[in-house]
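Asks: 3D, please:
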Amino acid sequence: MNDRAVNLLEQYEVEVLKTRKGRGAILCETSRGCLIFKEYTGNEERLAAQNLLLTHLQKTADIQVERIIPNKEGSLYVKDHDGVMYLLKTYEEGRECNINDRAECLESVRLLSKLHSYMEFEREEFLPEADCTGEDSAAASGRRYVFSPGAEYEKRNRELKRVRRYLKQRSQKTWFEIRLQQSFDTFLEQAFTLSEEWAEYEKLRDRENNQERKFTYCHGDYQYHNLLKTAKGWFIINFEKCVPDDPVRDLYLLMRKLLEKSNWSVTLGRELLAAYEELKPLSALSRIDLYYRLAYPEKFWKIVNFYYNSGKAWIPGRNLEKLEKVVEQEADKQHFLDALFRTVDTK
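Replies: Below is the predicted model of the structure:
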């Protein structure tokens, strides 16, 4: 973020005392406390919905969340000469959630469950006027409000097939490309099988959802980077991806991040689920939803996506390390899925 962006702060009723660079943003010491100024890549409709949700949480929840600061004209954003949008938001100094601290991991899941309890609405109750375009934002319509990963999985599967063809055509391959090709068929078959099963499950889920009067908004990017431990307690940031969906959308993302770090520990997985369900028990359909989201080989797809859309002249060694880890963890992941979702305890 450059000096021209800093000059945009003059459009706010805020006295800026000092600025410093943060992760992709500018931290500002101001007359109104610590604020953060960062680029926004979404559209105005999504931003309006995000602001309504954050305002609702400010009024009703005993959870600390960020708040968007409007400029002097009342707009939620400002633009630079190139049309790039920026937001000014409240912020608290703190550290990210420690993924190596089991107690903090369980705390983060309990916090998520509590957050979801404040983001559950009647269909007509919240955001009736928000025109949030896109398949992931149909809450206001009162029709099909839950986002479907199915379309995204199909898109990813097409990309995986395209990259596999590309690899086969390359005459000279790096060691990373050789290892990638060796593991490709297993993960691609897995991805297609899960997509087909998801399509069948989705029909059942949609019939059930059409009978429900409530829906839940999800944070959209609930992971340890966006959970700050401050002197005042937990502070949740970066709601830019908030979206109406089954709450397992957030639970899945957090669990996957933590489980990948712990080699898909069955014990940790059970503890995380139990911590979430202390306040909000999951329905049978939500458990099925969570299973499919965890089972899809997303980490493998991310490695493939990064490889295919980056320069091929030099492939970082870190890419190979990530690939090897995904391959090594696959047996642990399948054991985890078997233990938590595919078997029934008859005791």
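Asks: any chance you could map the strands in the stretch 101-250 of the chain?
Replies: Remark: strands assigned in the stretch 101-250 of the chain by DSSP state E, counting those that start in this stretch are 120-122, 214-218, 227-230, 233-236, 243-244.
Asks: turn those strands into JSON lines, columns for mean pLDDT, mean neighbour count and distance to residue 288.
Replies: Backbone N, C-alpha and C define where each C-beta goes, glycine included. As requested, the strands of the stretch 101-250 of the chain are exported to JSON lines (pLDDT from 0 to 100; neighbours: other CB atoms under 10 Å; distance: least, CB to CB, whole Å):
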{"stretch": "strand 120-122", "mean pLDDT": "84", "mean neighbour count": "14", "distance to residue 288": "20"}
{"stretch": "strand 214-218", "mean pLDDT": "84", "mean neighbour count": "22", "distance to residue 288": "17"}
{"stretch": "strand 227-230", "mean pLDDT": "96", "mean neighbour count": "19", "distance to residue 288": "27"}
{"stretch": "strand 233-236", "mean pLDDT": "97", "mean neighbour count": "19", "distance to residue 288": "27"}
{"stretch": "strand 243-244", "mean pLDDT": "88", "mean neighbour count": "26", "distance to residue 288": "19"}
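Asks: quick check: which of the ones you listed is nearest to residue 311?
Replies: Nearest to residue 311 among those is strand 243-244 (32.6 Å), distances taken as CB to CB.
Asks: any idea how far the closest one is from the middle of the chain?
Replies: What separates the centre of strand 243-244 from the centre of its chain is 11 Å, taken as CA atoms, centre = their mean, to the nearest Å.
Asks: quick one, helices of the stretch 151-300 of the chain?
Replies: Counting by DSSP state H, counting those that start in this stretch, the stretch 151-300 of the chain forms helices over residues 175-209, 248-261, 266-277, 284-295, 298-308, given from the N-terminal end onward.
Asks: save those as TSV, and put in mean neighbour count and mean pLDDT too.
Replies: What follows is those, written out as TSV (neighbours: other CB atoms under 10 Å; pLDDT from 0 to 100):
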stretch	mean neighbour count	mean pLDDT
helix 175-209	15	90
helix 248-261	21	95
helix 266-277	17	97
helix 284-295	18	93
helix 298-308	18	96
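Asks: ok, the residue nearest the centre of the chain to residue 269 distance?
Replies: Computing the C-alpha centroid of the chain and ranking residues by CA atoms, centre = their mean puts residue 221 first, at 2.7 Å. Per CB to CB, to the nearest Å, residue 221 is found 21 Å from residue 269.
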